[in-house]
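Trainee: Below are the sequence and a predicted model for it; my questions follow.
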Amino acid sequence: MLLDVIDMKLQGGYKLLLTFENGELREFDCSALLNEKPFNAIANPAIFKQAKIEYGTVVWPNEIDIAPETLYLDSVRI
C-alpha cells in the first residue's frame with residue numbers, strides 16, 4: 001500500500017505532522033535519521049524547515065527525501 005502525503009506541518013524538534021491521502025493524520029520523528037547520510041544534512045534547523053511536499057512525499061533541498069511508505073509505517077497515528 002503506497003499512500004501519498006498530501007499535507008505536512010513542522011512540529012517541535014524534528015517532527016512532522018503528516019496527512020496522508022487516506023485522511024490519516026500521523027506524526028513522524030526524523031531525529032533517528034539525522035546521524036545517517038544524507039539525512040545529516042537536514043540536522044541544521046534552518047535546512048530542516050525548508051521541508052515541502054513533492055511527488056507525494058516530504059523533500060528537502062539537495063534531493064533529500066524520505067519514501068512515503070517509510071513516513072507512513074514509521075509514524076504514529078494521531
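Mentor: That came through fine.

Trainee: CA only for contacts and neighbour counts going forward, please
Mentor: Will do.

Trainee: residues near Thr57, how many?
Mentor: For Thr57, the neighbour count with other Cα atoms under 10 Å is 22.

Trainee: hey, what's it bridged with?
Mentor: Beta bridges link Thr57 to Glu54, judged by DSSP bridges.

Trainee: Quick check: the gap between it and Leu17.
Mentor: Distance, Thr57 to Leu17, by Cα to Cα, to the nearest Å: 12 Å.

Trainee: Check Phe48 too.
Mentor: For Phe48, the distance to Leu17 equals 14 Å [Cα to Cα].

Trainee: same deal with Ala43?
Mentor: Distance of Ala43 to Leu17, given as Cα to Cα: 17 Å.

Trainee: and the residue most central in space within the chain, what is it in contact with?
Mentor: Against the mean C-alpha coordinate of the chain, by Cα atoms, centre = their mean, the closest residue is Val58 at 4.8 Å. For Val58, the contacting residues are Val5, Met8, Ala51, Lys52, Asp65, Ile66, Ala67, Pro68, by Cα atoms under 8 Å, 6 or more residues apart in numbering.

Trainee: Which among those count as buried?
Mentor: Val5, Met8, Ala51, Lys52, Asp65, Pro68 (16 or more other Cα atoms under 10 Å).

Trainee: Looking at these, which is nearest Ile78?
Mentor: For the buried ones among the contacts of Val58, the minimum distance to Ile78 (Cα to Cα) is 13.4 Å, reached by Met8.

Trainee: Pairing partners for the host helix or strand of that closest one, with directions?
Mentor: Using DSSP states H and E, the element containing Met8 is strand 5-10. Neighbouring strands of strand 5-10 in its sheet, by DSSP bridges, are strand 15-20 (antiparallel).

Trainee: Now do the partner strand: distance to the chain's middle.
Mentor: With Cα atoms, centre = their mean, to the nearest Å as the basis, strand 15-20 stands 7 Å off its chain's centre.

Trainee: again with stretch 10-25
Mentor: Averaging C-alpha positions (Cα atoms, centre = their mean) puts stretch 10-25 7 Å from its chain's average.
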